[in-house]
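1. return atomic coordinates for the entry below.
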Amino acid sequence: MKITAQEEYGLRILIRVAGCKDAEGMSIPQLSEAEGLSSHYIAKLTRILRMAGFINSTPGNKGGYVLAIPAKKIIINDVLKALGGALFDASFCGTHAGALRLCTNSVDCSARSLWQMIQFTVDQLLDKMTLHDLVNTEKESVKMLNHFLQQS
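-> Prediction:
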């Protein structure tokens, strides 16, 4: 199980935008410098986040990106799925059928039940976390994460 670069950097960009105190938001060059990523890649990620409804662009020379909705309403699971999709979904078995049109284990697959359980567990945690929870120091975020884990 891997977190893609797009998911990692997209989430980090969203955290930066959420933490920005400037009403104009953060521009692509500012985000590029802050994250050490190319402007082209930042533009790609901000487009995905904008199309998903998490951020808006502000007009003008000093324009940038701001949250489209309050950080407390942005669910981390929704963000990660917009950036890369779920770990496991209904199309998974069809894309891992090997050389055949239909997976040889499509009727009885113990591996599928494992992936479904992992996805369920990840969803349980990520559905509870909002962007607001992550606009903190790492130490504060760890406390918040431990709180969520204890509730599960």
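2. in the chain, which helix or strand is least confident?
-> Between all helices and strands in the chain, the lowest mean by mean pLDDT, DSSP states H and E belongs to helix 92-95, at a mean of 60.
3. low pLDDT regions in this protein?
-> 1, 88-108, 152 (pLDDT under 70).
4. ranges for the strands of it?
-> 55-57, 65-67 (DSSP state E).
5. out of these, which gets nearest to Ser39?
-> Distance to Ser39, taken as C-beta to C-beta, is lowest for strand 65-67 among these, at 13.0 Å. From N, CA and C alone the C-beta is placed, and that goes for glycine too.
6. tell me how far the closest one is from the chain's mean position?
-> 16 Å (C-alpha atoms, centre = their mean, to the nearest Å).
7. the closest residue to Leu31 other than its chain neighbours and Arg12: what is the separation?
-> Distances taken as C-beta to C-beta, 6 or more residues apart in numbering place Ile42 nearest to Leu31, at 4.8 Å, with adjacent residues excluded. Distance, Ile42 to Arg12, by C-beta to C-beta, to the nearest Å: 11 Å.
8. and those two? which has more neighbours close in?
-> Ile42 (24 against 16; other C-beta atoms under 10 Å).
9. residues contacting that one?
-> By C-beta atoms under 8 Å, 6 or more residues apart in numbering, the contact list for Ile42 reads 13, 28, 31-32, 35.
10. all helices for this structure, in order.
-> 5-19, 28-35, 39-51, 76-84, 92-95, 110-126, 131-134, 138-151 (DSSP state H).
11. next, the angle helix 39-51 makes with the second one.
-> Direction vectors for helix 28-35 and helix 39-51, defined by axes from the mean of the first three to the mean of the last three C-alpha atoms, to 10 degrees, enclose an angle of 110 degrees.
12. helices or strands next to helix 28-35 in the packing?
-> helix 5-19, helix 39-51 (3 or more C-beta pairs under 8 Å, 6 or more residues apart in numbering; DSSP states H and E).
13. burial measure for Met144, as a count.
-> Neighbours of Met144 (other C-beta under 10 Å): 16.
14. could you check how far the closest residue to it other than its chain neighbours is from Leu126?
-> Using C-beta to C-beta, 6+ apart and skipping residues adjacent in sequence, the residue nearest Met144 is Asp133, 5.0 Å away. According to C-beta to C-beta, Asp133 and Leu126 sit 11 Å apart.
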